[in-house]
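Engineer: need the 3D shape of this:
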Amino acid sequence: MRSPYSFIITPKNGDRYDNKKMIEGQEIVMSSSMEDHTVTNRYGLVKALPMYYTGHIEVGDTVIVHHNVFRIYYDMKGREKSSWNHLVDDLFIIEEDQLYLYRKNDDCEWQAPNPFCFIKPIANDNKDELIQKLGHDKELWGIVKYTDSFMPEFKVGDTVSFTPDSEYEFKIDDERLFRMRYKNICLVKDKKS
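Structural biologist: Prediction:
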């Protein structure tokens with residue numbers, strides 16, 4: 001089964017929610033609300049590629065997806081519903097813009113599909129002279145964490161400035177990152193500066 005334009009995925013751990021944590025050997029439920037988007041599972045496994053897809057993602061890759069993909073909610077009459085992404089059983093369809101990161105296996109680095117990248121914000125106590133001169137708002141600066149390895153303009157580790165309100169906050173592997181489009185990067189700091 002394949003879709004012309006959508007990926008078919010399944011939740012990576014087999015669960016729609018990631019709301020349980022082990023604390024001192026005890027499994028603790030962090031949230032019991034199905035409508036709490038902060039505990040929806042965001043990790044999926046690619047089961048089928050779109051027919052017309054020409055990118056670098058392959059069947060079997062792990063992906064990070066939008067928080068509503070696996071989510072269950074209640075409609076206006078209080079009936080339990082799945083997101084529109086639910087296809088059948090544990091299969092879900094997602095469009096390319098709902099797929100944020102991918103990797104071949106757990107030992108590989110994440111890759112951001114073009115045209116997106118992930119930026120690690122620079123701490124407010126940064127003493128970098130260029131950042132102080134060019135940007136009063138230090139929150140508009142960051143370090144490239146994940147990018148498309150096929151995009152030569154930006155490399156992991158580059159210090160960049162980005163346009164206001166272009167960042168969308170994520171927590172990836174317990175690290176706070178911003179997702180944004182490449183076009184929102186307005187300056188790449190020269191390493192000699």
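
Engineer: P11 bridge partners, please.
Structural biologist: Counting by DSSP bridges, P11 forms beta bridges with G44.

Engineer: what residues are up against it?
Structural biologist: Contacts for P11 (CB atoms under 8 Å, 6 or more residues apart in numbering) come out as 41, 43-45, 70, 90, 92. Any C-beta I mention is one placed from the backbone N, CA and C, and that applies to glycine too.

Engineer: PyMOL command for the buried members of those?
Structural biologist: Buried members of the contacts of P11, defined by 16 or more other CB atoms under 10 Å, are picked up in PyMOL with:
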select buried, resi 41+43+44+70+92
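
Engineer: among the contacts of P11, which one lies nearest to L177?
Structural biologist: The shortest gap between L177 and any of those belongs to Y43, at 15.3 Å (CB to CB).

Engineer: and the pLDDT at the closest residue to that closest one other than its chain neighbours?
Structural biologist: For Y43, ignoring the flanking residues on the chain, the nearest one in space by CB to CB, 6 or more residues apart in numbering is K12 at 3.9 Å. pLDDT recorded at K12 is 88.

Engineer: hang on, K12 packs against K47?
Structural biologist: No: using CB atoms under 8 Å, K12 is not in contact with K47; the gap is 11.3 Å.

Engineer: so D97, which state does it fall into?
Structural biologist: helix (DSSP: H, G, I helix; E, B strand; the rest coil).

Engineer: no, scratch that, I was asking about K183
Structural biologist: Three-state assignment for K183 (three-state DSSP): helix.
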